[in-house]
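J.: coords below, sequence missing:
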């Protein structure tokens, strides 16, 4: 595409140095400890440049160099460059329909400490949630003796990325909440609010089942169903920052009415309530009991296939659409779908590959379970926060 | 997103100069004639740099400077910098189910000459089409005394961008045709083969109804239905270069079987055959007669709404899905849908805005007709070809 022009690329030496420093830090942050030689190869820089950069980072306490293991035989072992978790800490918040989790995550992606609580009654009101997030963060940061420099907040709803405005988070019953502004006003750090499925996709792409894949769709399937899209290696955000309301594809025009104003949305056929119906459970069955039932079914493949046949067909139809529209190499099923019986997952994958034109063209889209499980959205929120701070660590 | 690192940005002066030259040329190519002062502002460069660049381009015969209009009153009029169409000419090919069009397009986007022919019988075979494209190009280039330096080829099917391999173009009945390789082997220029809807989207984005919009979906609706996506200002290409088989969203699970292996695909409800059924015409009605009938209906809004009610509902359902998945600000209806009666277009737009969660979040997705009409895909093919040659003009 011909892109609009905003500036010319005149790189000054200090800009080049800063860029190289940030790039090296990203590599360590995402890829983990590495040797100078490997870093030089990966960055295409010579070893003396790497030495200067690593020395600078070590002096600033951002990395440490260590002997990997006490001497084994001949030759001097290569020093490993390790990111120091406390050199940059971000806050990650995962807002779900039934509970909220927060974590402080250090450079390198390690969770340094976490806290979570259930949402009941007034606790689900925006005011109470915001207050509780702020208070818990203060306590956790105090306990760990760290100060977060940015925050990522995962929300199961339609969020404007620019300022963290939550337009609609229907399953939370939130409408027009200035979440980014409210948290930023108190915490006084950059707040990145995003859709939970987008954050799930980011986390799986950097640290989970989608490492190395450039085109990925992550399906979040909790009370609501959403989708996060990695296209050509980057998270797709869409017009005005809204994208991926995959749960509101109309898949069954004569189906149940959905709160969104349509009928027969995918969410009404493959969300938590639909899964309960398929399993013969009441729609308000607690999450733990649903997971237990699914795991039990996993031991009886034939029963699983029978009881979940219709559910699997709706899942298949939606996934065919996702694959035909977005052309991913890989689809990751998150949340409740992570514990779908293996036999059902395999059946759905095979059906999608058979019935999707685009899957056939890309040589077969793989459909797999999330690798990061319940921590995915927290880790994604942390990565999105790290994105804006790595250049100033 | 944290992107993988492949190189470091050390800009050398000659690289900077070349980059600036290409950028200026793009601006003139897409935006049309402009003054040095405007170019300086748009590029953020000082006037002496612009002078050097423009003088260089004028000397090479790529641009010309002209007085805009014979003297009108006081003051020296600013010279206009005009791209010279013959300085770079590309070949654009638009392969459709019933006919093929070729055009030679000059710098600035002007069609210098064109040719088209119907596909009947053996003429629809890949071998015959390729031969005819090559022969017609030679004749047209000879007549115009130009030599194309690259070619863009629009195909209504699933195409691998890297090498122009046509995986499936079902409505052409083409399977696994090495189109890029075959044309490139003879023409000896870069050949960019792409999906027709993608090219339609590119053209509308640069020169049509989507100028200035960053997130756009273009719907091609001919015998088949496809979608081209502009996301954050760039064409979305998907895993392995396949994307946007929007026509194969399953929208009516109990609907007609589709050749793709699914049933009830959107294409079976809003493609040419479906439109014929809705209009009470035989499914093999010639294109001209369908267009005539649609235009007639346009004069009788109430009749149009009655006769096309069901068709409009299927169109609406698919568009809700497109908007909820991709979050565009703007959806452009191309091909046959361009002549949809105004009343029906307005009704569909209002329904999508009312029933799409994401449309409500982005403040209302606009749904409009294509501005470039039948030339859109040719112009898109030309732009994609220009993309790879502008830096060496």
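T.: Looks like it arrived, so ask away. Computed from a predicted model, the values in this text were never measured in an experiment. Numbers count the residues shown, from 1 in each chain, chains lettered A, B, ... in the order given.
J.: Near chain B, which residues of the stretch 51-200 of chain A are found?
T.: Neighbours of chain B within the stretch 51-200 of chain A, by Cβ under 8 Å from any Cβ of the partner chain: A:158, A:160, A:167-168, A:170. Bear in mind the C-beta positions are built from the backbone N, C-alpha and C, glycine included.
J.: Which strands and helices lie in contact with the helix or strand of chain A with the lowest mean pLDDT?
T.: Lowest by mean pLDDT, DSSP states H and E among the helices and strands of chain A is strand A:234-235, with a mean of 84. Using 3 or more Cβ pairs under 8 Å, 6 or more residues apart in numbering or on different chains; DSSP states H and E, the elements in contact with strand A:234-235 are helix A:196-207.
J.: Quick one: work out the angle between the next helix or strand after the helix it packs on and helix A:196-207.
T.: For helix A:196-207, the following helix or strand on the C-terminal side (DSSP states H and E) is strand A:216-221. In terms of direction (axes from the mean of the first three to the mean of the last three Cα atoms, to 10 degrees), strand A:216-221 departs from helix A:196-207 by 130 degrees.
J.: Pull out the buried positions in the following helix or strand past strand A:216-221.
T.: For strand A:216-221, the following helix or strand on the C-terminal side (DSSP H and E) is strand A:225-231. For strand A:225-231, the neighbour count (16 or more other Cβ atoms under 10 Å in any protein chain shown) marks A:225-231 as buried.
J.: Sheet-wise, list the partners of the least confident helix or strand of chain A with their directions.
T.: strand A:225-231 (antiparallel) (DSSP bridges).
J.: Mind checking the pLDDT average for the partner strand?
T.: Taken as a whole, strand A:225-231 carries a mean pLDDT of 90.
J.: Over to stretch A:23-41?
T.: Stretch A:23-41 comes out at a mean pLDDT of 94.
J.: what does stretch A:181-197 give?
T.: pLDDT averaged over stretch A:181-197 gives 95.
J.: Could I get the full set of helices for chain A?
T.: A:13-31, A:36-43, A:47-59, A:126-144, A:179-187, A:196-207, A:266-270, A:272-279, A:287-298, A:301-307, A:309-326, A:342-355, A:357-361, A:376-389 (DSSP state H).
J.: Flag every buried residue along the fifth one.
T.: Okay, so that is helix A:179-187. Neighbour-count burial for helix A:179-187 [16+ other Cβ under 10 Å]: A:179-180, A:182-184, A:187.
J.: and what of the second one?
T.: By neighbour count, and taking 16+ other Cβ under 10 Å as the criterion, the buried residues in helix A:36-43 are A:36, A:38-40, A:42-43.
J.: what do you get for the fourth one?
T.: Within helix A:126-144, the residues scored as buried using 16+ other Cβ under 10 Å are A:126, A:129-130, A:132-133, A:136-137, A:140-141.
J.: Next, the angle helix A:179-187 makes with it.
T.: 40 degrees.
J.: what packs against helix A:126-144?
T.: Using 3+ Cβ pairs under 8 Å, 6+ apart, helix A:126-144 is in contact with strand A:89-95, strand A:99-106, strand A:111-118, helix A:179-187.
J.: mind redoing it with 6 Å?
T.: strand A:99-106, strand A:111-118 (3 or more Cβ pairs under 6 Å, 6 or more residues apart in numbering or on different chains; DSSP states H and E).
J.: what does the second one give?
T.: Judged by 3+ Cβ pairs under 6 Å, 6+ apart, the packing partners of helix A:36-43 are helix A:47-59.
J.: at 7 Å instead, please
T.: helix A:13-31, helix A:47-59 (3 or more Cβ pairs under 7 Å, 6 or more residues apart in numbering or on different chains; DSSP states H and E).
J.: ranking those by burial, who's on top?
T.: Mean neighbour count (mean count of other Cβ atoms under 10 Å in any protein chain shown) peaks for helix A:13-31 among these, with a mean of 17.
J.: With chain B in mind, check whether that one reaches it.
T.: Yes. Helix A:13-31 comes into contact with chain B (Cβ under 7 Å from any Cβ of the partner chain), by way of A:16, A:19-20, A:23, A:26-27, A:30.
J.: Find out how far that helix is from the centre of the chain, if you would.
T.: 23 Å (Cα atoms, centre = their mean, to the nearest Å).
J.: what angle sits between it and helix A:376-389?
T.: 170 degrees.
J.: tell me the angle helix A:13-31 makes with strand A:99-106.
T.: Going by the same axes, to 10 degrees, helix A:13-31 makes 130 degrees with strand A:99-106.
J.: Just name whatever secondary elements helix A:13-31 is in contact with.
T.: helix A:36-43, helix A:47-59, strand A:80-83.
J.: In CSV, list those along with distance to residue B:383.
T.: Compiled in CSV, the helices and strands packed on helix A:13-31 are given as follows (distance: least, Cβ to Cβ, whole Å):
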stretch, distance to residue B:383
helix A:36-43, 34
helix A:47-59, 39
strand A:80-83, 44
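J.: Chain neighbours aside, what residue packs nearest to residue A:51?
T.: residue A:36 (6.7 Å; Cβ to Cβ, 6 or more residues apart in numbering or on different chains).
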